[in-house]
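Undergrad: below are the sequence and a predicted model; questions follow.
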Amino acid sequence: MKEKFREIYDEQDLYDNLRFDIKFTRVFIRYAVRIFGISNSILILKLILKFTSFNKDFSYHAYLLKTNLYRLEYFLELSSEDYLESFRIKKKWAKYIINQSPSKKAIANAKNYHKIISMDSIDKVESKEISKSNLKKFYIYGPSSQNNPLEKYNDYTLVHLKPFPKELKFNDEILFLNSFYFTNAVNGNKNLQEKFNERYKKVYVSCMTSDMPSDFIRIPLVNEGYLASEMALQRILKFLIEKHENIECVIEGFDFYLSEDAYQNKNYDKLTRKQSGIDEKEICLSIAEHDFYFNFMITKQFMHNIRLIDSYDFQKIISMSPSQYCRELFRVRNFRSIKNIIR
């Protein structure tokens, strides 16, 4: 199920990404990294940009080379555990996309990224004073929980990120599936789809390409791009807030990858789980591509629309300053593992 390194490119209507010369540039970037690794491919791309003459005011070929170069430099600094320098590269990358990208979607993603990561004044988040009346109540249960969902919250709607193997005494349960799990485990499996419909009040899917079963609900993904994107918890919180405005939540089993075993809940059906656990490089690459700093900051922002109940472990983490969180993350995670991203 793992894929080898692939280059990034913008989805847009001005330039055909499958045109021979553009496809050649993409494939060249791809195999330069696969064959020579991050450091050497960075040097190769820089040399090409330095000695190649592009006759147009804007060259999509140069754009492809530069955006992929920024991405590789970002990975390289993370693998050197210099997260401050990686942030500086990311900001330059965002500015370049805003000024040069032919894709409105990519520009929107870059502007949203810049807006979120610029919220330096948010150092501590406390539960918002929200009126208790007419609040929708959700118990969001995640992959690092060490216990089954607690039945004392059975009057809350229980939110699963993966199908739970045991029967539970909750009035309402809903299921959010990511694109990878839906595509590889659910799509085309009629028996599994029927089981989900029997158990869960609603099944939501964050997949923009696959055909949806009639009873499943597609979550609209806005401002998605290569700079940063919401991870599962952030995607769910964003969806629930947009749907209900203010909500009451218990949030359990989300440690922002600060525990060595990030998926210690064995009831959490992780398709890439090995007998020895989850691969460290896979975790680090995933949170780098989604952007851990972006997701931490956007969660802080979401807390202004949430009345948080209990959730003591979650509150402890989300109350950290951004710098505290980054220091702790780099203490626990081995970002050196992504220096070889040829998966």
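TA: Sure thing, it's come through.
Undergrad: ok, which stretches of the stretch 201-343 of the chain are helices?
TA: 232-244, 280-290, 292-302, 312-318, 322-332 (DSSP state H, counting those that start in this stretch).
Undergrad: what are the buried residues along the longest helix along the chain?
TA: Selection of the longest helix in the chain by residue count, based on DSSP state H, yields helix 20-51. Buried residues in helix 20-51, counted by 16 or more other CB atoms under 10 Å: 22, 25-26, 28-30, 32-33, 37-38, 41-42, 44-45, 48. All C-beta spots, glycine's among them, are computed from the backbone N, C-alpha and C.
Undergrad: got the domain ranges for the protein?
TA: 20-117, 136-339 (automatic domain parsing).
Undergrad: save these as TSV, and put in mean pLDDT and distance to F5 too.
TA: Shown next, in TSV, are the domains of the chain (pLDDT from 0 to 100; distance: least, CB to CB, whole Å):
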stretch	mean pLDDT	distance to F5
domain 20-117	92	5
domain 136-339	88	10
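Undergrad: N68 against E7, yeah?
TA: Yes - contact between N68 and E7 holds when scored by CB atoms under 8 Å: they sit 5.3 Å apart.
Undergrad: figure out how far the longest helix of the chain is from the centre of its chain.
TA: 26 Å (CA atoms, centre = their mean, to the nearest Å).
Undergrad: list the contacts of L78.
TA: S86, C284, A288, F335, I338 (CB atoms under 8 Å, 6 or more residues apart in numbering).
Undergrad: in what helix or strand does the first one lie?
TA: S86 belongs to helix 83-100 when assigned by DSSP states H and E.
Undergrad: so which bits of the next helix-or-strand element following that helix are buried?
TA: The C-terminal neighbour of helix 83-100 among helices and strands, as given by DSSP H and E, is helix 104-117. The neighbour-count check on helix 104-117 (16+ other CB under 10 Å) flags A106, I107, A108, N109, A110, N112, Y113, H114, I116, I117 as buried.
Undergrad: for Y153, state which of these is nearest.
TA: I116 (29.8 Å; CB to CB).
Undergrad: I'd like the helices of the stretch 201-343 of the chain as JSON lines, with distance to D155 and mean neighbour count appended.
TA: Converted to JSON lines, the helices of the stretch 201-343 of the chain look like this (distance: least, CB to CB, whole Å; neighbours: other CB atoms under 10 Å):
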{"stretch": "helix 232-244", "distance to D155": "16", "mean neighbour count": "19"}
{"stretch": "helix 280-290", "distance to D155": "32", "mean neighbour count": "19"}
{"stretch": "helix 292-302", "distance to D155": "23", "mean neighbour count": "21"}
{"stretch": "helix 312-318", "distance to D155": "20", "mean neighbour count": "16"}
{"stretch": "helix 322-332", "distance to D155": "32", "mean neighbour count": "15"}
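Undergrad: adding distance to G225, write these out as CSV.
TA: CSV is the format used below for the helices of the stretch 201-343 of the chain (distance: least, CB to CB, whole Å):
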stretch, distance to G225
helix 232-244, 14
helix 280-290, 11
helix 292-302, 11
helix 312-318, 25
helix 322-332, 21
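Undergrad: against which helices or strands is the longest helix of the chain packed?
TA: If contacts are counted by 3 or more CB pairs under 8 Å, 6 or more residues apart in numbering; DSSP states H and E, helix 20-51 sits against helix 60-79.
Undergrad: returning to what we had before: of all the helices of the stretch 201-343 of the chain, which lies closest to Y74?
TA: Per CB to CB, nearest to Y74 of the helices of the stretch 201-343 of the chain: helix 280-290, 7.5 Å.
Undergrad: so which elements touch the closest one?
TA: Partner elements for helix 280-290 (3+ CB pairs under 8 Å, 6+ apart): helix 60-79.
Undergrad: how close does S286 get to E280?
TA: S286 sits at a distance of 11 Å from E280 (criterion: CB to CB, to the nearest Å).
Undergrad: swap in G142?
TA: 19 Å.
Undergrad: quick one: I29 from H290, how far?
TA: For I29 relative to H290 (CB to CB), the value is 21 Å.
Undergrad: who touches both of N68 and E7?
TA: Joint contacts of N68 and E7 (CB under 8 Å, 6+ apart) are I29.
Undergrad: looking at those two, which is more packed in?
TA: N68 (23 against 19; other CB atoms under 10 Å).
Undergrad: nice, that's everything, thank you.
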